[in-house]
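sharing a model that was predicted from the sequence below.
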Amino acid sequence: MNDQIKLTGHGRSVPPILPHVLIYFDQQGMSTREAEAFFHYQAAHQWKTQAGTPIKNWKTVAGNWIYDIQRSRIVALQLKLNRGR
């Protein structure tokens with residue numbers, strides 16, 4: 001195999017291709033809609049952090065994105081349960 005060939009998005013390299021993001025989110029129990037939202041958000045921001053630094057590992061950033069989604073769901077559920085008291 002030629003060492004110069006790079007599989008874009010394979011593993012953790014940036015930018016990934018959408019099918020790899022879809023697979024990763026599916027493996028994490030997340031929806032296609034959430035995967036697409038992540039992908040398009042990061043693409044719109046040129047796969048850079050808020051500080052403007054290029055992202056080196058998209059899976060780390062995706063993991064944080066997923067954590068934030070799950071955390072917001074827990075908070076929403078807690079608020080809903082507290083209102084019922």
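Sure, I can see it.

what's the distance between the spatially most central residue of the chain and residue 75?
Centroid-nearest residue in the chain: residue 62, 2.6 Å away (criterion: CA atoms, centre = their mean). Per CB to CB, to the nearest Å, residue 62 is found 20 Å from residue 75. For every residue, glycine as well, the C-beta is placed using N, CA and C.

next: residue 25.
As judged by CB to CB, residue 25 and residue 75 stand 21 Å apart.

same thing with residue 40?
Residue 40 is 24 Å from residue 75, where distance means CB to CB.

same question, residue 66
According to CB to CB, residue 66 stands 15 Å off from residue 75.

who has more neighbours out of the two?
Counted by other CB atoms under 10 Å, residue 66 and residue 75 do not tie: residue 66 has more neighbours, with 18 against 10.

where's that one, which helix or strand?
Under the criterion of DSSP states H and E, residue 66 resides in helix 58-83.

in that helix, what's buried?
Residues of helix 58-83 classed as buried: 58-59, 61-62, 65-66, 69 (neighbour count, 16 or more other CB atoms under 10 Å).

in JSON lines: those, plus pLDDT.
JSON lines is the format used below for the buried residues of helix 58-83 (pLDDT from 0 to 100):
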{"residue": "58", "pLDDT": "97"}
{"residue": "59", "pLDDT": "97"}
{"residue": "61", "pLDDT": "97"}
{"residue": "62", "pLDDT": "98"}
{"residue": "65", "pLDDT": "98"}
{"residue": "66", "pLDDT": "98"}
{"residue": "69", "pLDDT": "97"}
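
give me the residue ranges of this protein where confidence is low.
Within the chain, the stretches with pLDDT under 70 are 1-10, 85.

ok, now which ones touch residue 57?
12, 14 (CB atoms under 8 Å, 6 or more residues apart in numbering).

same check on the one 5 residues further on?
Residues in contact with residue 62, defined by CB under 8 Å, 6+ apart, are 21, 24-25, 28, 38.
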